[in-house]
Structures are given as C-alpha cells and as structure tokens.
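J.: Structure, please.
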Amino acid sequence: MALSIKYKAGAPLAAIAAITLALAVLASYSLIKLQSINDELASRFREIEEVREIEAHISRLIYPHQKYVAEFDKNAKAEADQSMAELTRSLNELNGMRVVNSEESELLGYVQDALPDIRKISGEIFSLPPGQSAHGILLLNSLSKKHLAPIGEKLGQWHAMEVNEVEELSAYSESSLKAFKLQAFLLLIALAAILAFSIWYHARTLTRPIMSITKATSELAAGNLKHRIDITSSDEIGLMAKNIQHMAHSLDKIYSDLEQEASTDPVTGLANRRLLSSVFIKETSRAKRHGETIAVVMLDIDHFKQVNDTYGHAIGDEVLKHIAGICKRMLREHDYCFRYGGEEFVLLIAANRSAELPQIVERLRKQIADTPWDKGTDRIAATASFGVSRYLNDGERLEQLLDAADSALYQAKRRGRNCIVAFGPDIPTTTAPDSVPTTTKAPA
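T.: You can find the predicted model right below:
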C-alpha cells in the first residue's frame, strides 16, 4: 500500500519535533538536576561555615575562663557568656539545616548534651573566690579535656566529612554536566541528520514532483500534449501526475481524432484537400533529395451528375468509394490520393523518370474504365478524365500546379472525356471514346 503524502511530509517533521522536545526535556531535567546539586552544595558550604564558627566559639570559650583563673577578672564571665550564647546560636542554626544527616545529628546531640556540663563547670570556675587558682586550674583541665577537646575533635571530623561530601557533589555535578553535554550533542547530531534528511526527502517527494507537474502543466497549456511527467510514486502526487498524464493523453487522442476527421473525407476515407498543402511540401522536399519529380494529377469522374440524378446520392457515394478504392490500390509508396471536392480527386505521384508518368496515369485510367461498380444485380460503369501538371516544369507552388492540372482537365473534358491531358508537351495525350455511365445486369 502506498504511503500517503501527508505521512511522507509529516514523518520528518514529527521526528524533528520529537528530538526538539527531547532536547527541551533533557535541558529542563539537567537544569533542575544541576540546580538541585548547586542548592545542596550551597547548603553544604553554609554547614561548613557554621561548623567553623562552632569550632571558633569552642576555641574562644576557654580563654575567658583562663583569664578569670589567672587574674580573677570580673569581665571574663561576660566574655564567656557571650561565647556560650554564640555557640548555642550556631548549634541551633546548624541543627535547622535541611541537609543534616544521621551522623551530623549524632554529633549535634553530643555537643548539645555536653553544653549543660560545660555551663556547670563554667559556673563553678566563675564562682571561685580569688586565691583559688589551683582549684580553678583543675576545673579548667576538666573543661578542656572532658568537653572542649573532644567536641573540637568531633567537629574536626565533621568538617572533614563535609568537605568530602562537597567534593563528591562537585564531582557529581561535573559528571552530570558532561553527560548533559554528550546527550545534547548526540541529539543535536540526530536533529541535524533528520533535518538534512527531511530537506532531501521533501525535495524528492514534494518539491521536485511539484516542479515536474508545474513544468508539465505549462507544457500542456502550451499545447504539447505528448509531454511526459516523470513521476513514478504511488502517493497523491503520483496519482495526480497520472491523472494529468491520462487527461493529456485523452486530449491528444481527441485532438488527433478531430484532426483525422477534419483532414479525412467522410465518404471515401481519403485525405481531403486540407492535408494537400502539407503533404505537397513534404513530398517535394523528399523528391528533391532523391532526384525524382512530382506529378499533380486532377481526376474528374465523367458524367457523375447523371449517376446522382439517376441512382441517388447514396449510390453516388458508393461509386465515389469505388473509384477511391481503385486509386488507393493502384498507387505506390509516396503516391497520395485526395478527395478534392465533388467528383474530383487530386493525386500526387512520385516518378523517377518523366516517361513513367503517362504509364502510371494511363493504367489508372484504364483500371477505372474497366472496373465498374458492381453490387448484386446493379452494375455502373464509369470513366474519368485526367489533367496532369509537373513540379518545376509547370510551376513550383501548389496553387500553380493545381491551376495547370485543372486547365489540362478542362481540355480532357473538351476532347471527349476518359482521357489524359498534360499541361505541358512532354506527356503525350491519349484519348478514348466518350463514355456515359451505364447500368447492366450482371450475368446470373
């Protein structure tokens, strides 16, 4: 089954649309994916910053306590309270971040669980009266070794873990970007290939056939009905081309039939005088190439009016057919017989030598005279008179030769009919007794 032109035209476009859609989906998906990775990276960087701040707060927390134990500076407690408040705030912010995992939650819990003990030891240190430096040093060692140092170590581990996760996310982001570039590149190559194929395919299935049909319709409009449309496809365009070709063939046949009818005598089937001029030009050209001459012979059936008056026009037409049949049988290749009008016929006879002309015409005259029209018991004998003119001897144009042959025919009628008269002196004149059509009964 032939593929419809709408599918031929739509399939490449659908493929282009599908690949374009795939590119859009891929770009959107990759963009969302990269945005998600970037958001997670940003959160990780914030966590790292928060962890650094917590580490900084833990590191600074020991100094106001040392200052108090060493100097019993009353301002040291305010500094310690401020550091403790900032540490608590950082821990709360870190705990509220969405990317905190189980390990991070465990670490946060460890730090937050240690805060009450840190506050307790801090309170004991700042409650020491002056002169209790030794006890304050013991409390400082307990605060540092039992709480601040382990917390700092765990925060360091957490920081290292966050850095690793950031590196993994960065590597994943880079690999995702490379994958997107590769996939987009492959899709663009496929899109370019399908686009090139679509251009070629549309040119093959649409553009060139339409141009061919356009050219063909222009040729047909100009009258060239034999122009062929070179389209072999079975789709709608191919069917349209076949229909146009069929219409052109039908029109050509109609015109040929009309031309044939217009140039053919309906009674005798001979060519009529409409074709005489074109055949004369063709045959004189051929005669010149072959060194031949052309004779124009005008034939008139003797007393044909009496046939029509006596037997009717239907029988008259039969006699005309009979004479036409004799002429066609007697003529050779490159000889032509035309019905000129009424009972007159014009013959174009090619002859290699001038001596052939009287023999040819005489045989035709004798055949007509010796062959009556015979149908059933009715027999009508008829004769014909001939006027002959020759190309170049008596003229070059057809009108001149027809006038010369007509003049010779007139002389043949005056000399008694059933004879041949040449317009010039080269062809001898033969005569026969005047003859009137007669009706006889065929022997039983």
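
J.: C-alpha from now on. contacts and neighbour counts both.
T.: Fine.

J.: thought Tyr68 was touching Ala80?
T.: No. Using Cα atoms under 8 Å, Tyr68 makes no contact with Ala80, being 9.9 Å away.

J.: Can you give me the domain boundaries for this protein?
T.: 5-195, 269-441 (automatic domain parsing).

J.: Figure out how far the shortest one is from the centre of its chain.
T.: In this view, domain 269-441 has its centroid 61 Å away from the chain centroid, taken as Cα atoms, centre = their mean, to the nearest Å.

J.: What of stretch 222-230?
T.: The answer for stretch 222-230 is 20 Å, by Cα atoms, centre = their mean.

J.: Would you mark the buried spots in it?
T.: 225, 227-229 (16 or more other Cα atoms under 10 Å).

J.: Show me the strands in this structure, by range?
T.: 271-272, 293-301, 336-341, 344-351, 373-375, 378-381, 384-390, 420-422, 438-441 (DSSP state E).

J.: pLDDT weak spots in this structure?
T.: 1-3, 5-9, 97-103, 257-261, 352-355, 376-377, 425-444 (pLDDT under 70).

J.: hey, where'd the helices end up in it?
T.: In the chain, the helices defined using DSSP state H lie at 5-71, 75-95, 102-126, 133-142, 149-202, 208-221, 236-263, 273-290, 304-311, 313-330, 356-370, 398-414.

J.: For the ones you listed, please prepare JSON lines with the additional fields distance to Ile349.
T.: Shown next, in JSON lines, are the helices of the chain (distance: least, Cα to Cα, whole Å):
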{"stretch": "helix 5-71", "distance to Ile349": "59"}
{"stretch": "helix 75-95", "distance to Ile349": "123"}
{"stretch": "helix 102-126", "distance to Ile349": "121"}
{"stretch": "helix 133-142", "distance to Ile349": "146"}
{"stretch": "helix 149-202", "distance to Ile349": "60"}
{"stretch": "helix 208-221", "distance to Ile349": "38"}
{"stretch": "helix 236-263", "distance to Ile349": "19"}
{"stretch": "helix 273-290", "distance to Ile349": "9"}
{"stretch": "helix 304-311", "distance to Ile349": "24"}
{"stretch": "helix 313-330", "distance to Ile349": "11"}
{"stretch": "helix 356-370", "distance to Ile349": "8"}
{"stretch": "helix 398-414", "distance to Ile349": "13"}
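
J.: Buried deepest among the ones you listed, which one?
T.: By mean neighbour count, with neighbours taken as mean count of other Cα atoms under 10 Å, helix 398-414 ranks first of the helices of the chain at a mean of 20.

J.: relative to strand 384-390, how tilted is that helix?
T.: 140 degrees (axes from the mean of the first three to the mean of the last three Cα atoms, to 10 degrees).

J.: Surely Ser277 touches Leu398?
T.: Yes. Ser277 lies in contact with Leu398 (Cα under 8 Å); the separation is 7.0 Å.

J.: Go ahead and flag the most central residue of the chain.
T.: The centre of the chain sits closest to Leu206, judged by Cα atoms, centre = their mean, with a distance of 1.9 Å.

J.: Please convert the strands of the chain to a markdown table, extending it with mean neighbour count.
T.: Below are the strands of the chain laid out as a markdown table (neighbours: other Cα atoms under 10 Å):
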| stretch | mean neighbour count |
| --- | --- |
| strand 271-272 | 20 |
| strand 293-301 | 26 |
| strand 336-341 | 21 |
| strand 344-351 | 22 |
| strand 373-375 | 15 |
| strand 378-381 | 17 |
| strand 384-390 | 28 |
| strand 420-422 | 28 |
| strand 438-441 | 14 |
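
J.: okay if I get those strands as a markdown table plus distance to Asn243?
T.: Listed next are those as a markdown table, based on distance: least, Cα to Cα, whole Å:
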| stretch | distance to Asn243 |
| --- | --- |
| strand 271-272 | 33 |
| strand 293-301 | 46 |
| strand 336-341 | 38 |
| strand 344-351 | 42 |
| strand 373-375 | 49 |
| strand 378-381 | 53 |
| strand 384-390 | 51 |
| strand 420-422 | 56 |
| strand 438-441 | 58 |
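
J.: The nearest residue to Thr20 once chain neighbours are set aside and Asn393, how far apart?
T.: Closest residue to Thr20 apart from its sequence neighbours, by Cα to Cα, 6 or more residues apart in numbering: Leu191 at 7.5 Å. Distance from Leu191 to Asn393, counting by Cα to Cα, to the nearest Å: 81 Å.

J.: Ok, Leu31 next?
T.: 101 Å.

J.: Also Val111?
T.: Taken as Cα to Cα, the span from Val111 to Asn393 is 138 Å.

J.: for Ile244, same thing?
T.: 51 Å.

J.: I figured Asn95 hits Glu106, correct?
T.: No. Taking contacts as Cα under 8 Å, Asn95 lies outside contact range of Glu106: 10.5 Å.

J.: Looking at the chain, name the residue that lies furthest from the middle.
T.: Here, in the chain (Cα atoms, centre = their mean), the farthest residue from the centre turns out to be Gly131, at 105.5 Å.

J.: Got phi/psi on that one?
T.: phi 90, psi 0 (degrees, to the nearest 10).

J.: Then His334?
T.: Backbone geometry at His334, expressed as degrees, to the nearest 10, gives phi 70, psi 10.

J.: ok, the nearest residue to it once chain neighbours are set aside - contacts?
T.: Distances taken as Cα to Cα, 6+ apart put Ala350 closest to His334, at 6.3 Å, once the chain neighbours are dropped. The neighbours of Ala350, taking Cα atoms under 8 Å, 6 or more residues apart in numbering as the test, are 287, 292-295, 334-335.

J.: And Val267, by the same measure?
T.: 317, 320-321.

J.: cool, and Lys74?
T.: Counting by Cα under 8 Å, 6+ apart, Lys74 has contacts Tyr68.

J.: Pull up the gap between it and Leu169, please.
T.: 48 Å.

J.: same check, this time on Pro372
T.: Pro372 is 119 Å from Leu169, by Cα to Cα.

J.: With Asp113 instead?
T.: 31 Å.

J.: Please apply the same query to Val421.
T.: 121 Å.

J.: What are the phi and psi values at Asn393?
T.: Dihedral angles (degrees, to the nearest 10) for Asn393: phi -60, psi -40.

J.: ok, now Gly312?
T.: phi 100, psi 160.

J.: okay, now it: neighbour count?
T.: 12 (other Cα atoms under 10 Å).

J.: Next, count neighbours for the residue lying closest to Pro130 once chain neighbours are set aside.
T.: Using Cα to Cα, 6+ apart and skipping residues adjacent in sequence, the residue nearest Pro130 is Phe72, 6.2 Å away. Phe72 is flanked by 21 other residues according to other Cα under 10 Å.

J.: hang on, Phe72 packs against Gln132?
T.: No. The pair Phe72 / Gln132 is not scored as a contact, 9.5 Å apart, by Cα under 8 Å.
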